[in-house]
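For reference, the sequence and a predicted model appear below.
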Amino acid sequence: MHEMGITQNLLNIALDHAQRADAVRINSLTIVVGELSSIVDDSVQFYWDFVSQGTIAEKAQLKFKRIPATMRCAGCGQTAPLDRQTYTCPVCGGSSLTVASGDEFFLESIDVDLADSSPVPGSKETSHARD
Ligand SMILES: [Zn+2]
């Protein structure tokens, strides 16, 4: 299980960004997870509830965005969805493939409440100009 460290990392990055933005609360995080990455969403969620306790990110919603796996063929240069049956290029039949996408794991964005602003129900607007 390496999700514990990864989740702690996510939290640190989110808190860092929130602090720089003067946020008082982190509402949600959008996390990009490649199909080939070994990250298990449920484990991250589980550890998240644990590591975020007592921080402004406590109870923040985790949104996982899945990226499908694609490969690039060394023979013809074609990029195509990974064929998990044959692991060969659908164009030339070559078997020298490299991963083009699908092994990603990163924090894409966070949604925060800023100081001096109250969340508006049903609105995505969370940052308001201060008078
Ligand atoms: Zn090919």
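Thanks, I have it. Numbers count the residues shown, from 1 in each chain.

What residues does this structure have near the ion?
The chain comes close to the ion at residues 73, 75-76, 78, 89, 91-92, 94, as judged by C-beta under 5 Å from the ion. (Each C-beta comes from the backbone N, C-alpha and C, glycine too.)

And for the closest residue to residue 43 other than its chain neighbours, the neighbour number?
The shortest distance from residue 43 to any residue other than its chain neighbours is 4.0 Å, reached at residue 3 (C-beta to C-beta, 6 or more residues apart in numbering). Number of residues near residue 3 (other C-beta atoms under 10 Å) recorded here: 19.

got the contact list for residue 3?
39-40, 43-44, 46-47 (C-beta atoms under 8 Å, 6 or more residues apart in numbering).

Filter those residues down to the buried ones.
For these, a neighbour count by 16 or more other C-beta atoms under 10 Å gives the buried set as 39, 44, 47.

follow-up on the earlier one: among the contacts of residue 3, pick out the one closest to the ion, please.
residue 39 (29.0 Å; C-beta to the ion).

Report the separation between the closest one and residue 95.
Separation of residue 39 from residue 95 (C-beta to C-beta, to the nearest Å) stands at 27 Å.

cool, and residue 104?
On the measure of C-beta to C-beta, residue 104 and residue 95 end up 24 Å apart.

Tell me which of the two has more neighbours.
residue 104 (17 against 12).

Please look at that one and residue 33 and confirm they touch.
Yes. The pair residue 104 and residue 33 passes the contact test of C-beta atoms under 8 Å, sitting 7.0 Å apart.

Alright, I will stop here.
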